[in-house]
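Enquirer: Turn this into a model:
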Amino acid sequence: MLNFLQTQNMSKSALFDMPAPLIAIVIFVLIFIANGTGFRYRKSRLRRNKENEDEGEGLGTVESSMLGLMALIMGFTFSMAASKFEARRQIVVEEANNIGTALLRCDMYPDSVRNLLRAHFKDYLDTRIAYYEARDDDDKIRTTLDQTADHFKRIWQIASSFTHDPRFLISSAQMIPALNNMTDIVSTREASRVAKVPPIILILLLVLTLGSSFLLGYGTKTKQRNDVMIFGFTLLTTMVLYLIIELDRPRRGILTLDAAEKMIVDLRKGL
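Expert: Presented below is the predicted three-dimensional model:
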């Protein structure tokens, strides 16, 4: 399962490897250029065909439709990105709780076994911390996932070896489900990591934004553009697109899962 998820993630677009602020700057410039292009194109047409100065009278409806469609797709995309961000945060919290539960149940075993299990849990937690610190480095992520599987296997072998001992039936009945939950959440977390907003939606949103900006420029009836209005439209639109990108990459940037990840770090410090 993890191998499949890793393979799927290798196909991501190079566009999303760029820093989010750089993407935002590019989008800002493109929106501004699209508006200026629309404005200059209309002036050029009017110079060539002066008797048809009212040719843009029907553009208001088209502009409204384009802006409405852009707002709809933008709201849908922002909601999707925010939902995915919150889901990832909840999964990190759930993983910390699952590991904490399994750690507590180590106390149901004799001291020699408990100490051995806790030693392996230290290594396991180190790999989970390294998994987050790998950010978006696929090679490091694969390495940490392999290490996680190895350390979990050692913990499982110790716990499962006591399942047939009548003295530890209750302990095993508590520990085995906790370990199952602990390993299941690893796959869930990796799946949530690679589940990005589909690039086709982001591309469609960008095309709609540029098209709307072009029409706004083309529909300007005054001889000079209202630069303040255009700047405000460009800035606010870029800010929303920037936040969508930030929400979709919580391992870097200004919106991260560091606060939730601290719960796992605190578990490691407590050992």
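
Enquirer: ok, residue 28 - contacts?
Expert: 234, 235, 238 (Cβ atoms under 8 Å, 6 or more residues apart in numbering). C-betas here are computed from N, CA, C, even on glycine.

Enquirer: Equivalent analysis for residue 91, please.
Expert: 185, 188, 189, 192.

Enquirer: Can you tell me which of the contacts of residue 28 are buried?
Expert: When the contacts of residue 28 are checked for burial by 16 or more other Cβ atoms under 10 Å, the buried set is 234, 238.

Enquirer: Let me know the closest of the contacts of residue 28 to residue 21.
Expert: Within the contacts of residue 28, the smallest distance to residue 21 is 10.6 Å, found for residue 238 (Cβ to Cβ).

Enquirer: quick revisit: using a markdown table, lay out the contacts of residue 91 together with secondary structure and pLDDT.
Expert: Converted to a markdown table, these look like this (DSSP: H, G, I helix; E, B strand; the rest coil; pLDDT from 0 to 100):
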| residue | secondary structure | pLDDT |
| --- | --- | --- |
| 185 | helix | 98 |
| 188 | helix | 97 |
| 189 | helix | 97 |
| 192 | helix | 95 |
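
Enquirer: Spatially, which two of those residues are the most separated?
Expert: Of all pairs drawn from the contacts of residue 91, the widest gap by Cβ to Cβ lies between 185 and 192 and measures 10.0 Å.

Enquirer: Give me the below-cutoff pLDDT ranges for the chain.
Expert: For the chain, the stretches flagged by pLDDT under 70 are 1-16, 50-59.

Enquirer: Name the single longest helix found in it.
Expert: Across the chain, the longest stretch assigned as helix under DSSP state H is helix 59-105.

Enquirer: Same question for the next helix or strand after that one: list its buried residues.
Expert: Downstream of helix 59-105, the first helix or strand assigned by DSSP states H and E is helix 111-133. By neighbour count on 16+ other Cβ under 10 Å, the buried set for helix 111-133 is 113, 116-117, 120-121, 124-125, 127-132.

Enquirer: quick one, helix 111-133 and helix 59-105 angle?
Expert: If you take axes from the mean of the first three to the mean of the last three Cα atoms, to 10 degrees, helix 111-133 sits at 160 degrees to helix 59-105.

Enquirer: any idea how far helix 111-133 is from the chain center?
Expert: 27 Å (Cα atoms, centre = their mean, to the nearest Å).

Enquirer: for stretch 68-80, same thing?
Expert: On Cα atoms, centre = their mean, the centre of stretch 68-80 falls 17 Å from that of its chain.

Enquirer: now stretch 90-109
Expert: On Cα atoms, centre = their mean, the centre of stretch 90-109 falls 25 Å from that of its chain.

Enquirer: Residue 46 is in what secondary structure piece?
Expert: Counting by DSSP H and E, residue 46 is part of helix 20-48.

Enquirer: For that helix, buried residues please.
Expert: 20, 23-24, 27-28, 30-32, 34-35, 38-39, 42.

Enquirer: And for stretch 189-199?
Expert: For stretch 189-199, by 16+ other Cβ under 10 Å, it's 189, 190, 192, 193, 194, 196, 197.

Enquirer: got the end-to-end distance for it?
Expert: 21 Å (Cα to Cα, to the nearest Å).

Enquirer: secondary structure class for residue 196?
Expert: Secondary structure assignment for residue 196 (DSSP: H, G, I helix; E, B strand; the rest coil): coil.

Enquirer: Find the nearest non-adjacent residue to it, please.
Expert: Using Cβ to Cβ, 6 or more residues apart in numbering and skipping the chain neighbours, the partner closest in space to residue 196 is residue 248 (5.4 Å).

Enquirer: Could you check how far that neighbour is from residue 123?
Expert: Here residue 248 is placed at a distance of 32 Å from residue 123 (Cβ to Cβ, to the nearest Å).

Enquirer: do residue 114 as well
Expert: Taking Cβ to Cβ, one finds residue 114 at 16 Å from residue 123.

Enquirer: Please apply the same query to residue 257.
Expert: Taking Cβ to Cβ, one finds residue 257 at 22 Å from residue 123.
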